[in-house]
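Chemist: sharing a model prediction with you, sequence too.
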Amino acid sequence: VPITERETAEYMETNGQHCPNCQSNDLDCDRIQVDNDTAWQEIRCEQCKSTWIDLYMLSDIVNFKRGC
Ligand SMILES: [Zn+2]
């Protein structure tokens, strides 16, 4: 069963703390991988064995120090 828009929205609202399928917070996160402007992380729910990928995009820059 594919994830619904509502499940996706709820997942985003809670910053990906709970499994979209069973609401467990027992999530196993792989390391974050980066390719140009996109980063992603494979997530697996230890409770119901669902798997998905969290996608990250550039959101801000901080600590900018101009070189010249
Ligand atoms: Zn789950």
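Modeler: Looks like it arrived, so ask away. Keep in mind the model is a prediction, meaning the values are calculated, not measured.

Chemist: only C-alpha atoms from now on, for both contacts and neighbour counts.
Modeler: Will do.

Chemist: can you pull out the strands in this protein?
Modeler: 27-29, 33-35, 38-45, 51-57 (DSSP state E).

Chemist: any buried residues in the first one, and which?
Modeler: If I follow you right, that is strand 27-29. For strand 27-29, the neighbour count (16 or more other C-alpha atoms under 10 Å) marks Leu27 as buried.

Chemist: residues making contact with it?
Modeler: His18, Cys19, Gln41, Glu42, Ile43, Arg44, Cys45, Glu46, Gln47 (C-alpha atoms under 8 Å, 6 or more residues apart in numbering).

Chemist: any idea how far Gln41 is from the ion?
Modeler: 16 Å (C-alpha to the ion, to the nearest Å).

Chemist: same list (the strands of the chain) but as a markdown table, adding distance to Ile3 and mean pLDDT.
Modeler: Rendered in a markdown table, the data for the strands of the chain read as follows (distance: least, C-alpha to C-alpha, whole Å; pLDDT from 0 to 100):
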| stretch | distance to Ile3 | mean pLDDT |
| --- | --- | --- |
| strand 27-29 | 17 | 96 |
| strand 33-35 | 23 | 94 |
| strand 38-45 | 14 | 96 |
| strand 51-57 | 10 | 94 |
